[in-house]
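S.K.: Pasting a predicted model and its sequence here:
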Amino acid sequence: MSRGIKNIVNSLEAIRNLPPDVASVEGHSLGDAEVIAIASLRSLRELDLSGCDGITDHSVSRLRQVASLEELDLSFCNQITDASLLALAGLPALRFLNLNWCYGVTDSGLTGLGHCKSLEVVSLWSCEEVTDSGVEALAMLPSLRVLELPEFAAITDQALTVLSAKNTSLESLRLDHLNEISDEGLARLSGLKRLRSLTIEGCPKVTVDGVAALEKAIPGCQISFKT
């Protein structure tokens with residue numbers, strides 16, 4: 001998220017005392033009641049709820065009312081499910097969405113997010129239920145610049161093939177501990193002509209030769225490779 005001044009809140013009273021035109025809020029140990037109150041802040045652009053593991057779809061879905069919302073961090077909010085994503089997909093200005101360690105996120109939710117045309121950054125660390133289908137849905141996002149895929153998920157070369165074929169805006173991609181990604185899939189990424197950063201770690205079917213070939217195909221891309 002951006003580094004603007006945030007209003008830090010940890011209670012319902014603190015939220016009610018926020019100015020009506022507040023633009024950035026960081027919540028600590030909030031529950032559903034507090035997030036529902038935040039949903040009434042109609043000038044809000046940035047909301048950091050990371051670590052608020054007590055919140056559920058009941059409140060997160062209400063954030064669809066905040067049409068001005070551009071950046072949302074839900075990392076470690078591990079009670080939320082695809083229902084939240086289907087609601088958030090209707091936000092017209094949402095650019096940044098962090099879903100790290102949201103274990104209830106699946107392909108169904110990402111398919112819904114595929115309709116959120118404003119999305120530019122999506123992070124999915126530890127969303128292990130995601131498969132090729134979910135990645136392929138995100139590949140359709142016209143403004144997607146940064147995508148961090150979940151470790152240990154059932155994602156294969158097929159997802160990379162579709163990502164390369166359908167996406168023209170991707171600049172940064174992270175592939176960590178994906179056992180079915182191989183040099184063949186890596187070669188498909190040569191179609192991502194705007195790619196400038198690629199991180200590959202713990203993908204046993206990716207070799208030094210495969211990485212070297214991609215470096216030659218996209219000379220402007222900085223590749224970080226660890227076995």
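M.R.: Perfect, thanks for sending it. Keep in mind that what you see is a predicted model, and the values were worked out from it rather than measured.
S.K.: now the end-to-end length of stretch 148-165.
M.R.: End-to-end distance for stretch 148-165: 18 Å, by C-alpha to C-alpha, to the nearest Å.
S.K.: actually stretch 172-185, not the one I wrote
M.R.: Counting by C-alpha to C-alpha, you get 16 Å between the two ends of stretch 172-185.
S.K.: That stretch: which residues count as buried?
M.R.: Buried residues in stretch 172-185, defined by neighbour count with 16 or more other C-beta atoms under 10 Å: Ser172, Leu173, Arg174, Leu175, Asp176, Leu178, Glu180, Ile181, Ser182, Asp183, Gly185. Every C-beta, even on glycine, is put in place using the N, C-alpha and C of the backbone.
S.K.: which ones are touching the fifth one?
M.R.: For Asp176, the contacting residues are Trp125, Leu149, Glu151, Thr199, Ile200, Glu201, Gly202, Cys203, by C-beta atoms under 8 Å, 6 or more residues apart in numbering.
S.K.: neighbours of the third one, just the number please.
M.R.: What it means is Glu151. Using other C-beta atoms under 10 Å, Glu151 has 20 other residues around it.
S.K.: Could you check how far it is from Arg62?
M.R.: Here Glu151 is placed at a distance of 31 Å from Arg62 (C-beta to C-beta, to the nearest Å).
S.K.: Please list the members of the buried residues of stretch 172-185 that lie in helices.
M.R.: Using DSSP state H to define helices, the subset of the buried residues of stretch 172-185 located there is Asp183, Gly185.
S.K.: Out of the buried residues of stretch 172-185, list just those in strands.
M.R.: Ser172, Leu173, Arg174, Leu175, Asp176 (DSSP state E).
S.K.: and which of the residues you listed is nearest to Val211?
M.R.: Nearest to Val211 among these is Leu175, at 11.1 Å by C-beta to C-beta.
S.K.: Do I have it right that the closest one meets Gly202?
M.R.: No. Judged on C-beta atoms under 8 Å, Leu175 makes no contact with Gly202 at a distance of 9.0 Å.
S.K.: and Val25, which of the three is it?
M.R.: Here Val25 is strand, with the state taken from DSSP: H, G, I helix; E, B strand; the rest coil.
S.K.: That one: what's it in contact with?
M.R.: Lys6, Asn7, Ile8, Val9, Ile15, Leu18, Ile38, Leu41, Leu44, Glu46, Leu47, Asp48.
S.K.: confidence score at Lys6?
M.R.: pLDDT, Lys6: 87.
S.K.: Touching, it and Gly27? I think so.
M.R.: No. Using C-beta under 8 Å, Lys6 makes no contact with Gly27, being 9.7 Å away.
S.K.: Please enumerate the shared neighbours of these two.
M.R.: Common neighbours of Lys6 and Gly27 (C-beta under 8 Å, 6+ apart) are Asp48.
S.K.: Just want to know which of those two has more residues nearby.
M.R.: Higher neighbour count among Lys6 and Gly27: Gly27, with 25 against 17, using other C-beta under 10 Å.
S.K.: what bridges to the more buried one?
M.R.: Bridge pairing for Gly27 (DSSP bridges) gives the partners Val9.
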